[in-house]
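*Asks:* what would the 3D arrangement of this be:
(one chain, ligands or ions: 1)
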Amino acid sequence: MLQISGKDADVIIIGGGLFGCAIAYYYTRNNPGKKILVLERNELCNAATSRAAALITKIRAKKHFIPLSIETYKVIPELEKLFGESMHVQYAGVLHIASSQERVTDLDALMQTASEFNEPADYITASQASQLSPWLKTDEIEKAGFIPGEAYCDPYLLGTFFGRSAVKQGAIIKQGLEVFNLLADKNTVTGVECSEGKLYADKIIIASGAWAPVLAAQAGIGLPMAPVRSQYWITERHDMFPGNAPIVILPDAQAYARPESGSLLFGIREKRSFYASPGKIPADISNFSFSPDRGMHDLSEVIENLARFFPAVYDIGLKYYIAGFSAYTPDNNLSMGIPAGVNNLLLATGCVGAGISVCGGVGLAFAELAAGKPNPFDFSHFSIERFGKIDAFSEEWLERCAAARGMKRSG
Ligand SMILES: Cc1cc2nc3c(=O)[nH]c(=O)nc-3n(C[C@H](O)[C@H](O)[C@H](O)COP(=O)(O)OP(=O)(O)OC[C@H]3O[C@@H](n4cnc5c(N)ncnc54)[C@H](O)[C@@H]3O)c2cc1C
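*Replies:* Residues are numbered from 1 along each chain as shown. This next block holds a predicted model:
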């Protein structure tokens, strides 16, 4: 282990998921010569990251997310250039379907936002929508908008490109190394206690996803987020799912879909989202049962609504079921930044199921903050103190966060 005058690194990141890897990339890129350590108890990107549907949503109702996602789109070619390898990002575009007056109003606002951010976007007819996505039943479409520049990706590749690039630039990534405790001197966090002993650094960043509230609590912080399940299915292959079709967002059905190697990957917002207390999730979720019936009950509760747009859902075989924990908050805003009253601790947490989209901005923001520089992004909506004092482990809080996921209409 490297030692720099009594400390082991300038920065220690707890968690080698997408956020941890992205921060390590930007930090090593912008601060050559500085030492950063990423501590991951399993393998890189084993948890939420590798399970994501990986829509890289850029234009969304919450405008303050958009600059973070723009950074993600900027960094992808940068990472590809560094290795001379493609990440195979699919720039297939996003088709937004509105089938009620309320959703038409939302779509008009979204198209206006696209124009504010100079993102090409056009209204298209129902028949054009059907040409783009042959599986889509279009009778009920009132308005459709197409944003051709948006993409989806392989989230594991994205995370590991960040990790590999960080290592190339000097980061040390330790896998199989678990952090048990934060070390502190009064209100100042000084290091971590982990399976290799005690490690010290000037700045400690918690980027431990669904588990983050457990470590945050050790610093007296009630971290406003909760582990809430996201789930989706992948159908069997069929001609109606061409590989170059766009992502489709169906807010009236609270569903989204995208192609996946000749199949369709689709997700829903179930009536009641499953959640868990952060302290009760096993460290390795590979064999964790997110649903005893692979989400079939949840799907059956909303299938009628989904079938208005995807009638084949009744007949097509569902080959794969994927689920994982994202960190949700009651207002569906990220929960991250520098907590008040605790020195040298940063929290890159509370991804609200949007971590793939915002990882570029999150990575850059925390790299700059850890280096003592100003945050290039506006994080005022993400403040850790915005809900006042909360008990991140209480049933009431967990339910509040899970209910917020049920309100989501975007991808
Ligand atoms: C089913 C599903 C679909 C999704 N779809 C999308 C999507 O379409 N678009 C989008 O933008 N986002 C999506 N997301 C969300 C996205 O996956 C997350 O926002 C993102 O992966 C969060 O990354 P992370 O690094 O915060 O968390 P994680 O990837 O969970 O990483 C946290 C890491 O910390 C490690 N860790 C925890 N505690 C410790 C400890 N004490 N010591 C050492 N290591 C520790 C864990 O092992 C883990 O590797 C989806 C998520 C799920 C589950």
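
*Asks:* residue ranges of the helices in the stretch 301-411 of the chain, please?
*Replies:* 355-370, 395-407 (DSSP state H, counting those that start in this stretch).

*Asks:* please state the offset of the first one from the chain centre?
*Replies:* Taking CA atoms, centre = their mean, to the nearest Å, the mean C-alpha location of helix 355-370 is offset from the chain mean by 11 Å.

*Asks:* that helix near the ligand at all?
*Replies:* Yes - Helix 355-370 lies in contact with the ligand when judged by CB under 6 Å from any ligand atom; the contacting residues are Gly355, Ile356, Ser357. C-betas here are computed from N, CA, C, even on glycine.

*Asks:* quick check: phi and psi at the nearest residue to the first one once chain neighbours are set aside.
*Replies:* In space, not counting the residues next to it along the chain, Gly355 is nearest to Leu18; the distance is 5.6 Å by CB to CB, 6 or more residues apart in numbering. The phi and psi values for Leu18, taken as degrees, to the nearest 10, are phi -60, psi -40.

*Asks:* tally of neighbours for Gln218?
*Replies:* The number of residues packed near Gln218 is 15, by other CB atoms under 10 Å.

*Asks:* thought it was touching Leu183?
*Replies:* No - here Gln218 lies out of contact with Leu183, judged by CB atoms under 8 Å, at a distance of 9.4 Å.

*Asks:* who's in contact with the residue lying closest to Phe393 once chain neighbours are set aside?
*Replies:* Distances taken as CB to CB, 6+ apart put Ser277 closest to Phe393, at 5.3 Å, once the chain neighbours are dropped. Residues counted as contacts of Ser277 (CB atoms under 8 Å, 6 or more residues apart in numbering) are Pro227, Phe393, Leu398.

*Asks:* can you give me the distance of Ser277 to Ala392?
*Replies:* 9 Å (CB to CB, to the nearest Å).

*Asks:* so which of the contacts of Ser277 is the most crowded?
*Replies:* The residue in the contacts of Ser277 with the most neighbours, by other CB under 10 Å, is Pro227 (26 neighbours).

*Asks:* can you get me the start-to-end distance on stretch 211-224?
*Replies:* By CA to CA, to the nearest Å, the extent of stretch 211-224 from end to end equals 12 Å.

*Asks:* what's the domain layout of the chain?
*Replies:* Listed domain ranges for the chain are 9-54+155-226+331-391, 93-150+227-326 (source: automatic domain parsing).

*Asks:* hang on, the earlier thing: the residue nearest to Gly355 touches Arg51, doesn't it?
*Replies:* No - assessed by CB under 8 Å, Leu18 is found out of contact with Arg51, at 11.1 Å.

*Asks:* more neighbours: those two, which one.
*Replies:* The neighbour count for Leu18 versus Arg51, taken as other CB under 10 Å, is higher for Leu18 (33 against 21).

*Asks:* poorly predicted segments of this protein, please.
*Replies:* Low-confidence regions of the chain, defined by pLDDT under 70, span residues 1-5, 407-411.

*Asks:* longest single helix anywhere in it?
*Replies:* helix 66-83 (DSSP state H).

*Asks:* residues in contact with it?
*Replies:* Under the criterion CB under 8 Å, 6+ apart, residues 22, 25, 56-60, 86-87, 89, 113, 117, 151, 153, 158, 161-162, 164-165, 168, 356-365, 377-378 lie in contact with helix 66-83.

*Asks:* run the last query once more with 7 Å
*Replies:* Defining contact as CB atoms under 7 Å, 6 or more residues apart in numbering, one finds that helix 66-83 is touched by 56-60, 86-87, 89, 117, 161-162, 165, 168, 357-362, 364, 377.

*Asks:* ok, then the element right after it?
*Replies:* Proceeding N to C from helix 66-83, the next assigned helix or strand is strand 94-98, under DSSP states H and E.

*Asks:* list the pairing partners of that following strand within its sheet, with orientation.
*Replies:* Strand partners for strand 94-98, identified by DSSP bridges, are recorded as strand 143-147 (antiparallel), strand 247-250 (parallel).

*Asks:* contacts for the helix or strand that the last one is followed by, please.
*Replies:* The helix or strand immediately downstream of strand 247-250 is strand 255-260, counting by DSSP H and E. In this structure, residues lying in contact with strand 255-260 by CB under 7 Å, 6+ apart are 53, 55, 152, 234, 241-243, 245, 247-250, 264-268, 306, 411.

*Asks:* can you get me a residue count around the residue of the stretch 151-300 of the chain found nearest the ligand?
*Replies:* Among the residues of the stretch 151-300 of the chain, Gly209 lies nearest to the ligand; the distance is 2.8 Å by CB to the nearest ligand atom. Other residues near Gly209 number 28, with proximity taken as other CB under 10 Å.

*Asks:* same deal with Glu85?
*Replies:* Per other CB under 10 Å, the neighbour tally for Glu85 reads 12.

*Asks:* before we move on, what about Ile66?
*Replies:* Neighbours of Ile66 using other CB under 10 Å come to 22.

*Asks:* where exactly do the helices run in the stretch 51-200 of the chain?
*Replies:* With DSSP H, counting those that start in this stretch as the definition, the stretch 51-200 of the chain shows helices at residue ranges 66-83, 101-116, 126-132, 155-168.

*Asks:* the first one to helix 101-116, inter-axis angle?
*Replies:* Okay, so that is helix 66-83. Taking axes from the mean of the first three to the mean of the last three CA atoms, to 10 degrees, one finds that helix 66-83 is oriented at 60 degrees with respect to helix 101-116.

*Asks:* and the last one, by the same measure?
*Replies:* Taking the same axes, to 10 degrees, helix 155-168 and helix 101-116 form an angle of 30 degrees between their directions.

*Asks:* helix 155-168: how far from the chain's middle?
*Replies:* Mean-position distance between helix 155-168 and its chain equals 15 Å (CA atoms, centre = their mean).

*Asks:* got the buried residues for it?
*Replies:* Residues 155-167 are the ones in helix 155-168 that count as buried (16 or more other CB atoms under 10 Å).
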